[in-house]
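Student: model this:
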Amino acid sequence: APAAAHAQHMISHIYVALGYWDETVEANEKSFAVSEDRLRRKGRPIYDRSHHALHWLEYGYLQQGRYRDALRTMGLMDDDAKASGTEDNLWYHAMMRAGWLVETGRWKDLPPALPTDGVSLSAAAAGIFTQGWSSLLAGDRPGAEKALAEMRERSRSAAEKAKEAEAGSSDNSRNLSSDFHTADVLAKELEGLIAWDAGDRDRSIDLLRAATAAEDAMPYEYGPPVVVKPSHELLGEKLYDLGRYEDAWTQFAASLDRGPRRVLSLLGKARAADRLGKSDDAAETWKTLAEIWKKADPDLPALEEVRKMAPEPKRAAL
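Tutor: Below is the predicted model:
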């Protein structure tokens with residue numbers, strides 16, 4: 001259906017499941033363009049834009065290393081969420097903002113967070129998690145602890161709503177349960193990061209392992225991750241920092257099982273494989289990263305490292 005925005009988008013569920021980022025971007029660029037055309041033809045309000053496609057498009061751009069294009073989508077989402085104030089738009093604003101922060105680490109490039117009081121817990125938790133993480137990066141551990149307390153309070157409220165929903169719609173009950181589990185994983189991750197910042201490495205690793213167990217117990221849907229910082233990836237990064245390269249490699253591999261060709265997990269796996277002398281695995285992983293980042297911004301962090309480490313393509317014999 002060429003004029004149906006969601007029909008144009010749906011194929012990207014398969015592309016994300018395979019980690020085909022070029023195809024993901026192409027499908028969602030088409031989907032968003034179709035929704036824009038519909039707005040013009042029918043005079044529809046801005047909240048009728050396909051912000052679902054815009055969210056997936058941002059994630060595809062981030063995987064491709066096209067941070068400037070991703071930031072452009074975030075700017076558009078910011079304008080629309082401020083103009084409409086709908087719960088749906090605020091959900092996408094929170095998720096896209098959190099996704100940008102996790103993937104890029106560029107905490108100062110984004111517009112401020114918008115209120116999430118009426119937004120479902122999954123988006124609120126993502127926003128609170130990134131708020132806490134950015135506080136740690138700024139040297140503000142009390143700010144991170146405040147964010148953790150806020151997330152626990154929001155989780156408590158969600159748990160009460162889930163109990164109330166048991167007698168109502170089963171679909172609504174499942175949605176609330178999923179939100180609660182998402183927030184639980186992100187709370188464990190944030191608590192683990194706070195422990196790491198305080199120098200308690202053992203407790204940090206224990207908390208992050210608990211986060212992976214909680215996330216593994218959740219049903220998985222391919223798309224921009226609701227657990228915005230996949231727990232196996234985060235644990236892998238901390239194990240790598242401790243010099244535990246075999247354990248780190250295992251965690252990055254587990255992350256890639258859930259999110260194929262996710263670039264931060266590929267980057268961690270390639271680095272760990274190099275440390276372990278897994279030359280074939282390292283070469284293949286660096287090569288995959290170089291292919292994914294062929295359109296990346298020239299100032300992308302780690303791009304020079306990837307291009308240096310990726311094996312040169314073999315020339316055909318004359």
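Student: tell me where the model's unsure across the stretch 51-200 of the chain.
Tutor: Where the stretch 51-200 of the chain drops to pLDDT under 70, the residues are 162, 165-176.
Student: for it, what spans make up the helices?
Tutor: Taking DSSP state H, counting those that start in this stretch as the criterion, the stretch 51-200 of the chain carries its helices at 51-64, 67-84, 87-104, 121-137, 141-165, 170-197.
Student: quick one: distance of stretch 27-39 to the chain centre.
Tutor: Relative to the centre of its chain, stretch 27-39 is centred 23 Å away, using CA atoms, centre = their mean, to the nearest Å.
Student: how about residues contacting it?
Tutor: 2-6, 8-9, 11-12, 15, 44, 46, 48-50, 53-54, 56-57, 60 (CB atoms under 8 Å, 6 or more residues apart in numbering). In this view, the C-beta of every residue, glycine as well, is placed from N, C-alpha and C.
Student: again, 7 Å this time
Tutor: 3, 5, 8-9, 11-12, 15, 44, 48-50, 53-54, 56-57, 60 (CB atoms under 7 Å, 6 or more residues apart in numbering).
Student: so who does the closest residue to E103 other than its chain neighbours touch?
Tutor: Distance criterion CB to CB, 6 or more residues apart in numbering; nearest residue to E103, sequence neighbours excluded, is L62 at 4.2 Å. Under the criterion of CB under 7 Å, 6+ apart, the neighbours of L62 are A70, G99, W100, E103, T104.
Student: and which of those is nearest R275?
Tutor: E103 (23.5 Å; CB to CB).
Student: follow-up on the earlier one: which among the contacts of stretch 27-39 end up buried?
Tutor: 5, 8-9, 11-12, 15, 49-50, 53-54, 56-57, 60 (16 or more other CB atoms under 10 Å).
Student: out of those, what pair is the most spread apart?
Tutor: Pairwise distances across these (CB to CB) peak at 21.2 Å, for the pair Y15 and R49.
Student: for the residue nearest in space to the middle of the chain, helix, strand, or coil?
Tutor: Nearest to the mean C-alpha position of the chain, by CA atoms, centre = their mean, lies V228 at 3.7 Å. Following DSSP: H, G, I helix; E, B strand; the rest coil, we place V228 in the coil state.
Student: thought it was touching G99?
Tutor: Yes: assessed by CB atoms under 7 Å, V228 is found in contact with G99 at 5.7 Å.
Student: rewinding a little: how about a markdown table for the contacts of L62, with distance to G132 and neighbour count added?
Tutor: As requested, those are arranged in a markdown table below (distance: CB to CB, whole Å; neighbours: other CB atoms under 10 Å):
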| residue | distance to G132 | neighbour count |
| --- | --- | --- |
| A70 | 22 | 24 |
| G99 | 16 | 22 |
| W100 | 16 | 25 |
| E103 | 17 | 22 |
| T104 | 17 | 17 |
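Student: may I see the buried residues of stretch 202-216?
Tutor: Buried-residue list, stretch 202-216, by 16+ other CB under 10 Å: S204, I205, L207, L208, R209, A210, A211, T212, A214, E215.
Student: which pLDDT value belongs to the nearest residue to W196 once chain neighbours are set aside?
Tutor: If the residues on either side of it in the chain are set aside, W196 comes closest to S204, at 3.9 Å by CB to CB, 6+ apart. S204 is assigned 98 on the pLDDT scale.
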